[in-house]
Structures are given as structure tokens and as C-alpha cells.
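Participant: How does the following fold in three dimensions:
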Amino acid sequence: MCGIAGFAHIQYDTSEVHQYQRHRGEDHQGSFNTEHLSLYHQRLAIIELGVAGNQPFEKDGYVVMFNGEIYNYPTLRHQLKAHWYTSTESEVIIEYFKRYRTDCFSFFEGMFAIVIYEKSTQKLYLARDTQGIKPLYYQYFEDKSLAFASEMRTLYRICPQKPTLRSNILEAFLLRGWSASDATIFEGIEALPAGSCLSYAMAEKTLKITTYRPYIPTVPQPPPANAKASSIIEYVEKELLYSINKHCLSDVPIGTLLSGGIDSSLVAAMASQAKTRHHFCLALPKEDLARAKMPDDYAYAKILNQHLGASLVATPLNSKEFIEMLPLCVAQFDEPNGDPAAVATWLISKKAKQEYAIRVLLSGLGADELFFGYRRQKALLYYPLGHWLAKIGLLPWVAWGINNKSIEQVFNAPTLLDALKMAWQKEFFKLPEIPEENRMLNLILEQYQGIKTLNEVEWQSFLRHNTLKTADFTSMANGLEIRVPYVDTILKKRLSFLPDNYYIRQGIQKYILRRIAEKYLPEAIIQRPKVGFGFPLSLWLQHHWSSIKAEIFSPFFLFHIAQHSKALPWLAPLLQTIKQQNTPTKYPFLIYRCLVFHYWLRSL
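Facilitator: Model (predicted):
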């Protein structure tokens, strides 16, 4: 895991770039420079810890640097006859590029953002993994110069002409906390799409983006969809074990990020024979959780820890600490993020790295998208019925998976697309309008197949553009790598045969994952109701309402919000309503997002 940046035909000074991404890796910083090209690399050493692993790496007229991990690189190295000088991933990338050109990216299993410079042709190649786990942002200027980096903040800070903010992306952030688009909050800065390769000819200054397909091994073949349940469960278990073991490839100790739920607990249990030393979780005040009627994740994490006999490291956090540390935390966000869970990941990563020298944490992210785990998915599965009932005035108030206040809006939505976007919002004011997002979602929904389509929607939107992005910048802010075994291209493809009744049965979601977990986890964790990781947000905002109010109604914040008043006409009346409130209980999520945006703006 590292930080990368590059500049082609850029006229402004880029020598300061190392300081902007030093947090991503302090083991080595390297650079490669020609008259018109500068490449910069910050290294977090995890595999091949010696100097051979330093980057940029040069061989046979090629220069490579990358961020991430290629888990099958030992196998690839063994399969290709070449003059090998090191045992590094960098050398494998160069040799496969020499042999297969841009098709080489199809062979790499893992999470990566790769940069290759071919000296003989003076061409740059940038590639991103097929699931978009590792970030890579770029700017292609009017004079056809190119800049790219692991973090959009780096591009913003290094460029003398600061890009403005996109109003529609800001609106999506304020309405739901994120946007499902490769367009970033900064005008002119784009995310390289997942599974894409950008080629840039230095001489002509031309840019081209193409996609590539991952290579999926044909063995082992999945059992028939009508096979015995025991055969299907055994196959899925083996595939999960394969992915988790693959993600444990490391020359440094590994820990696990625990939420107390089935997803992360199963990862911890299945990885317990690897190099995992510690499990890390958050511990919130019991009295606050009780008042907010929220479950205690730490209590479930302790149950798992006793079951596995491992070391559990709790990171305590109360409302005062949360409010005090929020400006520092948000100042390291690559872009605003409206999920308080981002603070938890940042805080746990900081403790794991600084106090326990852990550089890698395994996470349970992606299991909900892979196994139909979100409650909103269950509600949307019944949208046709709910929409019809709403039309004739017989909408039942049942446990669809969304709160009763929202369910009427969701089922009254004119289309499934609108219903889906409404279900993402915890407080509904209006739907954000992002054309790129709508096009992507409509393409998926055109081939609607119920459960599998709803999984794919979550996979390509919430997971890719919110959860994975947040996991990267909150962990790498502390020089720590988060790995996501459920978010694996081969695993996803091999489980695509599963019949619907293995996702949900008798109303119980993630059915097959629960069956597999029976072999590894205590019953209390398996039977635990689905709850999203969160904070007693409304209560904590109420504890500090006077100071929060002063921040979000400060001249600084109001001035910057006013710059987008034409694009956000709905916001000013809401802010006026909030200003008159004695408590923040009516719109806690909007208030929190305003606070985050305020701190984020101040940190630019």
C-alpha cells in the first residue's frame, strides 16, 4: 500500500508533492524525472520489505510504481519464464506488461492502482483494479497536460489554480453523504473508473481510456444450482476461505477490524490461522447506546474474542472526544463523507498503527453487497407490490426494512430508480440529480433480475463510491492498509450461480453466510439482527448543540454555502429551521454533514 502521483507536461512546481501524501507510507519516498515527466512514490512496506521493493522500479526501459497488492503475484512469477532479479510485485508487473501489454492487468488478482512508463514509446499507462478498491484520480488540462495521484487533495493542493466545487456532488453529499459517480467534488478532477486503463502519449499529449476484463480461472466449477444444499454450502465456504487466505499474504502482522456482526466476525474466524495478531473494535458508552436504543457492538466483539481466544483491542470513544477530534479527522478526508462510521475507521486505524505497529487490517466490507444483506434491499425487492398497494391506499405498515416514515415515500416513488435513491437517504428532502449516476443505475436496472440486480446496484454504487473510498482515505491517513476479502472479483464471479433462496429464506437475509458461520461463530453472533454500524448521533449532537450551532452558522460556512445557493435552493429554508431548533433531533444527519463540510472546507 502506497501513495503515487505523476505529472506530464505540467508547468507548475510539483516538488512538494511528497509532503502531501507522506501519510500513505513513510518507509521510502522515491521519484523518477525526465524533462516533461515527474513520478512520485510513497512506500508503506508490507511485502518484500527490503530496498528491492522501493519504487519507482525500473527494468528494461520500463518504470513502474503502484499502490495496493497483487495477491497472486507469486503464482504469476512462477508461470512466466523471465530473467528475474527480485521477488517483487513491481518486477512481475513489468514482465507481464512486456508480454501482454495492457491485457496484463486482467491477470492481476488484488487491489491496485498501477502506473507504467514505457521509455521507448514515451507512453504512460494508468490502470485501476476491477472493483475500484484502490483510488486513482486524474486531471487532463486544456493544454493537454496530465496530473494524477492517489488522493484528489494532492491534485487540489499542488495546482496553483484551485478547482471549484461541483454543486451537484455537494448536493448529493448533503442529501445522503456520498455520490455514485466518478466525478469528484472538484471540477476537473475525475476518478479513473474501476477496471479501466488510461494511456497517455507524451509526444502527442493524447489521452485514451479503455476497459479490461478480469481473467477468471475456470476451476473449480461451481455445483449445479439445483445441487444439494450441503454441496453448495461447502463450495461457498471453500471459496470464502480461498479469498480470505489470499488476502492474508503479507510480510508484516495482520489484524482484523471488528464490528461484532457476522461479516467481520467470520473473516476474523477464518483468518485466525494466518498472521492475525489482534482484533480491533470501537467501544461506545453503554449509557448512550441504551438511551439511543442501539446495540453494543463491543459486547458482541467480546463474545467472538472469547470464542477465538485472540487479543481484542477496544478503542473507547465518547461524545466529547468525538466532537473534539472531528476537525482533525475530517481534515484528512480526501472529500467530505457523511457517515460517522468513517470516524471510527480513522480512529481504530490510528490506534492499530501507532500503538500496535499493525500495518494491515482485514475488514468485512462487501458482504452485504455480495449476500443481499441490507434491509433496504429487502424492501426494494417488494417494490412492485408496495407500489401497487400505495396506489390503491392499502400500504401496510410492516417491517419492510426501512422506517415507517420513509416507506410511504419509497413505495410512492414513480420508478424503481427513484425508490432506490430514496431508500439511500435517512432524511428525505429531495433526490440529487447526477446524470452519470442515473445512467449507471439505469443500465443495471434495465436487466432487472430481482436479488442479483439489487446486489449489483449496491456493489457499483454504495460499496464502490462510498464504503471502499472511505476505507482507503481513513486508514491510509494513518499509514495502514485495509483489505476486503469479500470484495474479490473471482469470489463474486464464482458465487454468481447462487439461487435466490440462498440469499434470503423465510425472510432471513444472508442465509448461506449464516449457514457457513455455524461452523465458525457463536450462536449469539449468527442470530444477531442486522444493524448498520453507527453512533448515537442525535444524542451526541444534542450534548454539544450550542458549539455545533456556532460552527455551522459561522460566517465562513454560510459564505461558502451561499456560493451554491442557486443550485441548492432547498437548503437555506432548512438551515433557517435548524437555526431555530433548541435540539438537533429533527435533522441530525443533515446537521452532521454540514458540520463535516465546514471542517473539510477549513482544512483545504
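
Participant: Now do the helix or strand containing Glu234: which elements does it pack against?
Facilitator: Secondary structure from DSSP states H and E places Glu234 in helix 229-246. In terms of contact count using 3 or more CB pairs under 8 Å, 6 or more residues apart in numbering; DSSP states H and E, helix 229-246 is assigned the packing partners helix 262-270, helix 489-494, helix 511-517. Using the backbone N, CA and C atoms, a C-beta is placed for each residue, glycine as well.

Participant: Give me the phi and psi for the most centrally placed residue in the chain.
Facilitator: For the chain, Leu468 is the residue whose C-alpha lies nearest the centre (CA atoms, centre = their mean; 0.7 Å). Backbone geometry at Leu468, expressed as degrees, to the nearest 10, gives phi -70, psi -40.

Participant: And the pLDDT for it?
Facilitator: Among the per-residue scores, Leu468 holds a pLDDT of 97.

Participant: try Leu541
Facilitator: pLDDT recorded at Leu541 is 96.

Participant: Enumerate every residue touching it.
Facilitator: The neighbourhood of Leu541, defined by CB atoms under 8 Å, 6 or more residues apart in numbering, consists of 548, 584, 588, 591-592.

Participant: Can you list which of those residues are found in helices?
Facilitator: In this view, those that belong to helices under DSSP state H are 548, 588, 591-592.

Participant: before we move on, the earlier item: farthest pair within the contacts of Leu541?
Facilitator: With distances taken as CB to CB, the most widely separated pair in those is Ile548 and Pro588, at 10.4 Å.

Participant: about what we covered before: what's the closest of the contacts of Leu541 to Arg176?
Facilitator: If you rank the contacts of Leu541 by distance to Arg176 using CB to CB, Tyr592 comes first, at 12.1 Å.

Participant: For this structure, which element, helix or strand, carries the lowest mean pLDDT?
Facilitator: Taking mean pLDDT, DSSP states H and E as the measure, the chain has helix 404-412 as its least confident helix or strand, at a mean of 73.

Participant: re the thing from before, contact partners of the helix or strand just after the helix holding Glu234?
Facilitator: Using DSSP H and E, the next helix or strand after helix 229-246 towards the C-terminus is strand 254-257. Contact with strand 254-257 is made by 248, 264, 267-268, 271, 274-281, 345, 348, 352, 356, 358, 360-364, 482, as judged by CB under 8 Å, 6+ apart.

Participant: what's the offset of strand 254-257 from the middle of its chain?
Facilitator: Between the mean C-alpha point of strand 254-257 and the mean C-alpha point of its chain there is a distance of 17 Å (CA atoms, centre = their mean, to the nearest Å).

Participant: Could you do stretch 9-17 as well?
Facilitator: On CA atoms, centre = their mean, the centre of stretch 9-17 falls 29 Å from the chain's centre.

Participant: end to end, how far does it reach?
Facilitator: 16 Å (CA to CA, to the nearest Å).

Participant: buried set for that stretch?
Facilitator: Neighbour-count burial for stretch 9-17, counted by 16 or more other CB atoms under 10 Å, picks out 9-10, 14, 17.

Participant: Looking at those, which are in helices?
Facilitator: Per DSSP H, helices hold the following members of the buried residues of stretch 9-17: Val17.

Participant: how about the buried residues of stretch 9-17, which pair is most distant?
Facilitator: Greatest spatial distance in the buried residues of stretch 9-17: His9 and Val17, 15.7 Å, computed using CB to CB.

Participant: Leu282: how many residues sit nearby?
Facilitator: Here the neighbour count serves as a burial measure; for Leu282 (other CB atoms under 10 Å) it reads 24.

Participant: ok, now which ones touch it?
Facilitator: Under the criterion of CB under 8 Å, 6+ apart, the contact list for Leu282 reads 297-298, 314-315, 317, 344, 347-348.

Participant: quick one: the helix or strand harbouring it to helix 262-270, angle?
Facilitator: Assessed by DSSP H and E, Leu282 sits inside strand 276-283. Orientation of strand 276-283 against helix 262-270 (axes from the mean of the first three to the mean of the last three CA atoms, to 10 degrees) gives an angle of 160 degrees.

Participant: What strands line up against strand 276-283, and which way round?
Facilitator: Strand 276-283 has the following sheet partners, assigned by DSSP bridges: strand 254-257 (parallel), strand 311-316 (parallel).

Participant: what comes up buried for it?
Facilitator: When burial is assessed from 16+ other CB under 10 Å, strand 276-283 yields the following buried residues: 276, 278-283.

Participant: what do you get for stretch 519-535?
Facilitator: Using 16+ other CB under 10 Å as the burial criterion, the residues of stretch 519-535 that qualify are 520-522, 525-526, 528, 530, 533, 535.

Participant: Tabulate the residues you listed in TSV, adding columns for secondary structure and pLDDT.
Facilitator: Below are those laid out as TSV (DSSP: H, G, I helix; E, B strand; the rest coil; pLDDT from 0 to 100):
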residue	secondary structure	pLDDT
Tyr520	coil	96
Leu521	coil	96
Pro522	coil	96
Ile525	helix	95
Ile526	helix	95
Arg528	coil	88
Lys530	coil	76
Phe533	coil	70
Phe535	coil	87
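
Participant: now the residues you listed in a markdown table, with distance to Glu427?
Facilitator: Formatted as a markdown table, those follow (distance: CB to CB, whole Å):
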| residue | distance to Glu427 |
| --- | --- |
| Tyr520 | 38 |
| Leu521 | 34 |
| Pro522 | 36 |
| Ile525 | 31 |
| Ile526 | 32 |
| Arg528 | 26 |
| Lys530 | 21 |
| Phe533 | 19 |
| Phe535 | 16 |
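
Participant: wait, which of these is closest to Phe148?
Facilitator: If you rank the buried residues of stretch 519-535 by distance to Phe148 using CB to CB, Phe533 comes first, at 32.2 Å.

Participant: Make sure the closest one is actually in contact with Ala344.
Facilitator: Yes: applying CB atoms under 8 Å as the test, Phe533 and Ala344 come out as touching, 7.1 Å apart.

Participant: quick one on the thing from earlier: among the buried residues of stretch 519-535, which two are most distant?
Facilitator: Greatest spatial distance in the buried residues of stretch 519-535: Tyr520 and Phe535, 28.4 Å, computed using CB to CB.

Participant: Quick check: Tyr215 touching Phe107?
Facilitator: Yes: in this structure, Tyr215 is within contact of Phe107 by CB under 8 Å, at 5.4 Å.

Participant: Look at these two and report which has more neighbours.
Facilitator: Phe107 (19 against 14).

Participant: contacting residues for the closest residue to Glu481 other than its chain neighbours?
Facilitator: Setting aside the residues directly before and after it, Glu481 is nearest to Met1 in space (CB to CB, 6 or more residues apart in numbering), at 3.7 Å. Contacts for Met1 (CB under 8 Å, 6+ apart) come out as 24-25, 44, 46, 67-69, 359, 476, 480-481.

Participant: Show me what the mean pLDDT comes to for the helix holding Glu234.
Facilitator: The average pLDDT for helix 229-246 rounds to 96.

Participant: cool, stretch 10-29 as well?
Facilitator: Summarised as a single mean, pLDDT over stretch 10-29 is 93.

Participant: This completes my enquiry, with thanks.
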